[in-house]
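Participant: Please work out how this folds:
(one chain, ligands or ions: 1)
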Amino acid sequence: MHVIVRNLNKKFGSFHAAKDVSFDIKKGKLIGLLGPSGGGKTTILRMLAGLEIPCSGDILFHGKSVINSAPQERGIGFVFQNYALFRHMTVFQNIAFGLTIQKKDKKTIANKVNALLELTGLQGLENRYPHQLSGGQRQRVAFARALAPEPQLLLLDEPFAAIDAKVRKELRTWLKEMIQRLGITSIFVTHDQEEAIEIADEIIIINQGRVEQVGTPMQIYKHPRSAFVANFIGESNTIRNIEEWKGFSKFTGLGAAMVRPENVEVLTHEEVVRADTLPRGVVSNVIFKGSNWQVEVNIEGTTVLAYRPLEKKEISVGEEVNVVIHQLHFFDEDKANIVK
Ligand code: ATP
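Facilitator: Numbers count the residues shown, from 1 in each chain. Next comes the predicted model:
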């Protein structure tokens, strides 16, 4: 389903929880609503579902406004973080719930539930109750239950938050595959940037009720529009005094500079070709990360994080080094332009 959100506003009393929120979602895409806690992600999801009424703005499904439609008329499936399964119902009954409400006949229900049990790998567990399942299994039941009435849009609110780290990773890959296979437009809320980067086709960054940026994970990572986005997605260094660094005086007045650690190359005394042209600093910390070294270098009073490949010589704290900056972003009044 093609979803259009236009200038949605929501106030709770005097608190403005959603401010002029607009975005378009193409059919079949998996979208991550990402942002810090309290930013308004759940409020946006609830407005899409019809559980919260916006103060102004519009929501269009297939080009038609649904702003006056009740939740049950919107063709939406919902998965919550705390499973919200019916405790007194078996797995089968939970998955069948929406179809029972729709008064489908027994045979249709049995066929549909069995197909979903197979799809979600839950065969053999149909007679269990929620308390007899693992967290991952429960969330798969919640997913199957949401899918049973064949919604055109699936909304998932922090679907993996209550699950331990290892299962969560497996489950999110599983969810992505499942959604791709079904081709169902889906939106999930998360405050976990790694989760959003890994599975979303597109990410919508929400902060303080506003859309900060929309793009593919790669676009957002490579071209963050604001310092907030740069800090929220991936590791970054903010350098406020870049003009004081050797070779960087031409950037005076451009605002705070941002560089990703993978774009900072640390050169030891033996590796550097012309030390006099490069900023110089002292290594203040080195952490072995398995796939690389994380090196912190203090340059002109600013600590800069860099990644150093393992095949290079180990560096020690206190060592004097030079750095090469491969890509800098500048943020001036929240507008970024890559200048180097
Ligand atoms: P989290 O990741 O913590 O769930 P979120 O980004 O989903 O956060 P929301 O739950 O949408 O954020 O909340 C946005 C803001 O609106 C919060 O400050 C919250 O306290 C406020 N809020 C949400 N619902 C209500 C309500 N019914 N009444 C008053 N304030 C509310």
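Participant: Now H2: closest residue in space, sequence neighbours ignored.
Facilitator: Closest residue in space to H2, ignoring its immediate chain neighbours: K27 at 5.2 Å, by C-beta to C-beta, 6 or more residues apart in numbering. All C-beta atoms are positioned from the backbone trio N, CA, C, and that covers glycine.
Participant: Domain ranges for this protein, per the record?
Facilitator: By the record's domain assignment, the chain is partitioned as 3-226, 237-338 (automatic domain parsing).
Participant: Of these, which is nearest the ligand?
Facilitator: With C-beta to the nearest ligand atom, the closest approach to the ligand among the domains of the chain belongs to domain 3-226: 3.2 Å.
Participant: Mind pulling up the pLDDT for K29?
Facilitator: Reading off the per-residue confidence, K29 sits at a pLDDT of 94.
Participant: Next: A49.
Facilitator: 94.
Participant: I figured R6 was touching S22, is that so?
Facilitator: Yes. Taking C-beta atoms under 8 Å as the definition, R6 is a contact partner of S22 at 5.4 Å.
Participant: what packs against the host helix or strand of L116?
Facilitator: Element membership for L116, per DSSP states H and E: helix 106-119. Counting contacts by 3 or more C-beta pairs under 8 Å, 6 or more residues apart in numbering; DSSP states H and E, helix 106-119 packs against helix 91-101, helix 135-147.
Participant: Tell me where the stretch 151-300 of the chain has helices.
Facilitator: Counting by DSSP state H, counting those that start in this stretch, the stretch 151-300 of the chain forms helices over residues 165-182, 193-199, 217-222, 227-232, given from the N-terminal end onward.
Participant: for these, which one sits closest to E52?
Facilitator: helix 193-199 (22.3 Å; C-beta to C-beta).
Participant: Indicate whether that closest one makes contact with the ligand.
Facilitator: No. Counting by C-beta under 6 Å from any ligand atom, no contacts exist between helix 193-199 and the ligand, the nearest distance being 12.5 Å.
Participant: hmm, who's touching that helix?
Facilitator: Counting contacts by C-beta atoms under 8 Å, 6 or more residues apart in numbering, the residues outside helix 193-199 that touch it are 30, 32, 34, 160, 168, 172-173, 175-176, 190, 203, 217, 221, 232-234.
Participant: got the contact list for stretch 165-176?
Facilitator: With contacts defined as C-beta under 8 Å, 6+ apart, stretch 165-176 is touched by 30, 134-136, 139-140, 143, 156, 159-160, 163, 195, 198-199.
Participant: for the stretch 1-150 of the chain, what spans make up the strands?
Facilitator: Counting by DSSP state E, counting those that start in this stretch, the segments of the stretch 1-150 of the chain that form strands are 3-12, 15-25, 30-34, 56-61, 64-65, 76-79.
Participant: Just list whatever residues bridge to the nearest residue to N292 once chain neighbours are set aside.
Facilitator: Excluding the flanking residues, the one nearest N292 by C-beta to C-beta, 6+ apart is Y307, at 4.7 Å. Listed by DSSP bridges, the beta-bridge partners for Y307 are Q294.
Participant: Is the nearest residue to S65 once chain neighbours are set aside bridged to anything, and to what?
Facilitator: Take S65 and drop its neighbours on the chain: the residue closest to it by C-beta to C-beta, 6+ apart is D58, 5.4 Å away. The residues paired with D58 through beta bridges, assigned by DSSP bridges, are R6.
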